[in-house]
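Engineer: Whatever this is, show me its structure:
(2 chains)
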Amino acid sequence: MPKTIPEDSVGLVEPQTLHFAKPLPLVCGRTLPSYDLIIETYGELNESASNGILICHALSGHHHVAGYHSMDDRKPGWWDSAVGPGKPIDTDRFFVVALNNLGGCHGSTGPNSTNPETGELYGPDFPMVTAKDWVVSQARLADRLGIQCWAAVIGGSLGGMQAMQWAIDFPDRLKHSLVIAAAPKLSAQNIAFNEVARQAISKDPGFHQGRYREQETIPKRGLMLARMVGHITYLSDDSMADKFGRDLRKGKFSYDFDADFEVESYLRYQGETFSETFDANTYLLMTKALDYYDPAADYDDDLVAALSQATCQFLVVSFTTDWRFSPQRSREIVDALIAAGKSVNYAEIEAAQGHDAFLIPIPRYMEIFNAYMDRVSSSVEKSEEVTNAS
Amino acid sequence: MRADLEIIQEWIKPGSRLLDLGCGRGELLSYLTENRGIQGYGLEINADDITACIKAGINVIQQDLNQGLTNFTDNSFDVVLMTQALQTVRRPDMVLDEMLRVGKESIITFPNFGHWRARGYLAFRGKMPVSKFLPYTWYNTPNIHFCTFKDFEALCWQKNIHILERTVVDSQHRDRWSTRLWPNMLGEIAIYRVTK
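Structural biologist: Next up is the predicted model:
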């Protein structure tokens, strides 16, 4: 709980829910008849509506990016380290928009919403949504907010993949795309980890084919396991060694199957907390969206051709110990952007924290982020000048 | 203005696609973008230089030249440049090959170890030369492969690399009659334009 709100925080924030009545046709062939998006915004939209920044979230993220919902909050939003006055995504300069994606479980339409066509919970019948669909829904959100062109679309991990999809699908609607700790598509190993997570959930006796809500239960163990596996892939060998090593909880072996090592109890705790706050059907959907992500597929599997659509400038950032989406995967994006003749900057940040590093304010990362956001800011000023002149 | 920038500029066609190896703080690319409307990318590994490039609006890619340029396809650039970095790479000969594979032509500048001051230093003091221009001592210098103009040209000859142009200047990048007359003795920096 913050006793006082830090000066570089956006402070107390309140989400809002927007209803979209126009049906949304999805890549999977189905259509969402109508939907809600829950969003948070920070900062002020300028007169020319040219300082809008869209933040896309990763697998388990949501709209609450920065600040606090109440003085009782234990922690601020998930990317508070990068969003706020004077921070890289400076709310004194930009109008920041964050949302919970469709299929999510934090307030946007998803498996826990009522299907207007049946009057029942969607549950496992919620249509499969992809990054492409999210980007379309985000474009409609931009329309609603009066933003024709984002100053930047920014995201880490699956969020970075959306930032890249934006550049391909709506090239004239963003000036900059920041693709952080991402990949152009998942590897077999990535998909394998997601499949373990899905199996853990769907084989839990509490899953009830996704109709667990009606049974007033949740597939708690499955979700726990899914999160534990996922969490391991977000950390690095080094960071785990640093944080836990082989430290024992009670100082000696118990010679039973209880958690002896600190790392075991940490993972159990993480899994448990997650299982109480995250929806199982959403987890299944989000991991599938990750697996399906492959913007090159629409262009004969040619990433250069896909990225040739883009007209924005790019910043690509990776982290040395990230083995979920390694620097090599970011290089694939960078090389394709260079081959396509696009403006791109690339930095590989020395970091011990693995994939999670993208959420941590590592000094060099913040330096690069700040330097690039200055560029974004000057392109905002330029478009303001154009508007004022016309 | 740095005189070498002006010399190099004359060799660059407007609108060219450029790759600058070891681009530093991006001065050359900034200059050429402004004056020649080029589309350029710089490769750099120094963290502060990378940040400076981003601030300057230069396309900078973090990449170690010693890992090669295998991520770039043949002839994908009009010109590949390398200023004052040839002597710092592990295998200058291989970097040179890579530059000419990726670029249609290359522009290279490097300090001349055959300059009379370097020769005199070694001859009379019996120690590796240290100067204002090359201020490092032998154990901490990033310059691990010194060569003279003659050495470089011998390598080009051996690799069948055509020298299209050569300008020899002093450490202030001034072109003087003396350096033209006796380049390997009096020239401090050479600027070469080469192709396969």
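Engineer: Could you use CA atoms for every contact and neighbour count after this?
Structural biologist: Noted.
Engineer: most centrally placed residue in chain B?
Structural biologist: With distances taken as C-alpha atoms, centre = their mean, the residue of chain B nearest its centroid is residue B:83 (2.4 Å).
Engineer: now that residue, which residues is it bridged with?
Structural biologist: Per DSSP bridges, the residues bridged to residue B:83 are residue B:109.
Engineer: do you know how far it is from residue A:347?
Structural biologist: Separation of residue B:83 from residue A:347 (C-alpha to C-alpha, to the nearest Å): 21 Å.
Engineer: could you pull out the helices for chain B?
Structural biologist: With helices called from DSSP state H, chain B shows them at B:3-11, B:27-36, B:47-56, B:92-102, B:116-120, B:149-158, B:177-181, B:183-186.
Engineer: circling back to that earlier point, surely the residue nearest to the centre of chain B meets residue B:89?
Structural biologist: No. Residue B:83 is beyond contact range of residue B:89, at 12.0 Å (criterion: C-alpha atoms under 8 Å).
Engineer: before we move on, back to that, Throw the helices of chain B into JSON lines and include mean neighbour count, mean pLDDT and distance to residue B:135, thanks.
Structural biologist: As requested, those are arranged in JSON lines below (neighbours: other C-alpha atoms under 10 Å in any protein chain shown; pLDDT from 0 to 100; distance: least, C-alpha to C-alpha, whole Å):
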{"stretch": "helix B:3-11", "mean neighbour count": "15", "mean pLDDT": "83", "distance to residue B:135": "20"}
{"stretch": "helix B:27-36", "mean neighbour count": "19", "mean pLDDT": "92", "distance to residue B:135": "22"}
{"stretch": "helix B:47-56", "mean neighbour count": "21", "mean pLDDT": "96", "distance to residue B:135": "20"}
{"stretch": "helix B:92-102", "mean neighbour count": "20", "mean pLDDT": "95", "distance to residue B:135": "21"}
{"stretch": "helix B:116-120", "mean neighbour count": "16", "mean pLDDT": "77", "distance to residue B:135": "12"}
{"stretch": "helix B:149-158", "mean neighbour count": "15", "mean pLDDT": "91", "distance to residue B:135": "20"}
{"stretch": "helix B:177-181", "mean neighbour count": "15", "mean pLDDT": "67", "distance to residue B:135": "22"}
{"stretch": "helix B:183-186", "mean neighbour count": "22", "mean pLDDT": "68", "distance to residue B:135": "19"}
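Engineer: Mind putting those helices into a markdown table with distance to residue A:46?
Structural biologist: Formatted as a markdown table, the helices of chain B follow (distance: least, C-alpha to C-alpha, whole Å):
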| stretch | distance to residue A:46 |
| --- | --- |
| helix B:3-11 | 40 |
| helix B:27-36 | 30 |
| helix B:47-56 | 24 |
| helix B:92-102 | 45 |
| helix B:116-120 | 60 |
| helix B:149-158 | 57 |
| helix B:177-181 | 58 |
| helix B:183-186 | 60 |
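Engineer: Which of the helices or strands spans residue A:164?
Structural biologist: According to DSSP states H and E, residue A:164 maps onto helix A:158-169.
Engineer: could you dump that helix to PDB, C-alpha only?
Structural biologist: What follows is helix A:158-169, C-alpha atoms only, in PDB (Å, rounded to 0.1, in the frame of the first residue of the first chain):
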ATOM      1  CA  LEU A 158       2.900 -10.800 -26.800                       C
ATOM      2  CA  GLY A 159       2.400  -7.000 -26.500                       C
ATOM      3  CA  GLY A 160       5.300  -6.400 -28.800                       C
ATOM      4  CA  MET A 161       3.800  -8.800 -31.300                       C
ATOM      5  CA  GLN A 162       0.700  -6.700 -31.400                       C
ATOM      6  CA  ALA A 163       2.800  -3.600 -31.900                       C
ATOM      7  CA  MET A 164       4.400  -5.300 -34.900                       C
ATOM      8  CA  GLN A 165       1.000  -6.500 -36.200                       C
ATOM      9  CA  TRP A 166      -0.200  -2.900 -36.000                       C
ATOM     10  CA  ALA A 167       2.600  -1.700 -38.200                       C
ATOM     11  CA  ILE A 168       1.600  -4.400 -40.800                       C
ATOM     12  CA  ASP A 169      -2.100  -4.100 -40.700                       C
END
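Engineer: Residue A:363 and residue A:179: what is the separation?
Structural biologist: Computed as C-alpha to C-alpha, the residue A:363 to residue A:179 distance reads 18 Å.
Engineer: quick one, which of these two is more surrounded?
Structural biologist: residue A:179 (27 against 10; other C-alpha atoms under 10 Å in any protein chain shown).
Engineer: Please give me every residue in contact with residue 93.
Structural biologist: No chain was given, so I picked chain A. Residues in contact with residue A:93 (C-alpha atoms under 8 Å, 6 or more residues apart in numbering or on different chains) are A:43, A:51, A:377.
Engineer: please go with chain B instead
Structural biologist: residue B:155.
Engineer: Distance of residue A:311 relative to residue A:148?
Structural biologist: Residue A:311 sits at a distance of 15 Å from residue A:148 (criterion: C-alpha to C-alpha).
Engineer: Which residue of these two possesses the greater neighbour count?
Structural biologist: A direct count of neighbours by other C-alpha under 10 Å for residue A:311 and residue A:148 places residue A:311 higher, at 20 against 17.
Engineer: now the closest residue in space to that one that isn't next to it in sequence: how far from residue B:194?
Structural biologist: Spatial nearest neighbour of residue A:311, excluding adjacent residues (C-alpha to C-alpha, 6 or more residues apart in numbering or on different chains): residue A:171 at 5.5 Å. Separation of residue A:171 from residue B:194 (C-alpha to C-alpha) stands at 38 Å.
Engineer: Residue A:102 too?
Structural biologist: 56 Å.
Engineer: And these two? Which one has more around it.
Structural biologist: Counted by other C-alpha under 10 Å, residue A:102 and residue B:194 do not tie: residue A:102 has more neighbours, with 30 against 20.
Engineer: Can I take it that residue A:317 is in a helix?
Structural biologist: No. According to DSSP: H, G, I helix; E, B strand; the rest coil, residue A:317 belongs to no helix; its state is strand.
Engineer: for it, what are its contacts?
Structural biologist: So residue A:317 contacts A:179, A:180, A:181, A:330, A:346, A:347, A:348, A:349 (C-alpha under 8 Å, 6+ apart).
Engineer: Quickly find the element holding the fourth one.
Structural biologist: Under the criterion of DSSP H and E, residue A:330 resides in helix A:327-339.
Engineer: which helices and strands does that helix pack with?
Structural biologist: When contacts are defined as 3 or more C-alpha pairs under 8 Å, 6 or more residues apart in numbering or on different chains; DSSP states H and E, helix A:327-339 packs onto helix A:303-307, strand A:313-319, strand A:344-349.
Engineer: could these go into a markdown table alongside distance to residue A:82 and mean pLDDT?
Structural biologist: A markdown table is the format used below for these (distance: least, C-alpha to C-alpha, whole Å; pLDDT from 0 to 100):
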| stretch | distance to residue A:82 | mean pLDDT |
| --- | --- | --- |
| helix A:303-307 | 27 | 98 |
| strand A:313-319 | 14 | 98 |
| strand A:344-349 | 16 | 98 |
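Engineer: can you redo these as TSV with distance to residue B:61?
Structural biologist: TSV is the format used below for the helices and strands packed on helix A:327-339 (distance: least, C-alpha to C-alpha, whole Å):
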stretch	distance to residue B:61
helix A:303-307	17
strand A:313-319	9
strand A:344-349	5
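Engineer: what about these, which gets the closest to residue A:205?
Structural biologist: Closest approach to residue A:205 among the helices and strands packed on helix A:327-339 (C-alpha to C-alpha): strand A:313-319, 38.3 Å.
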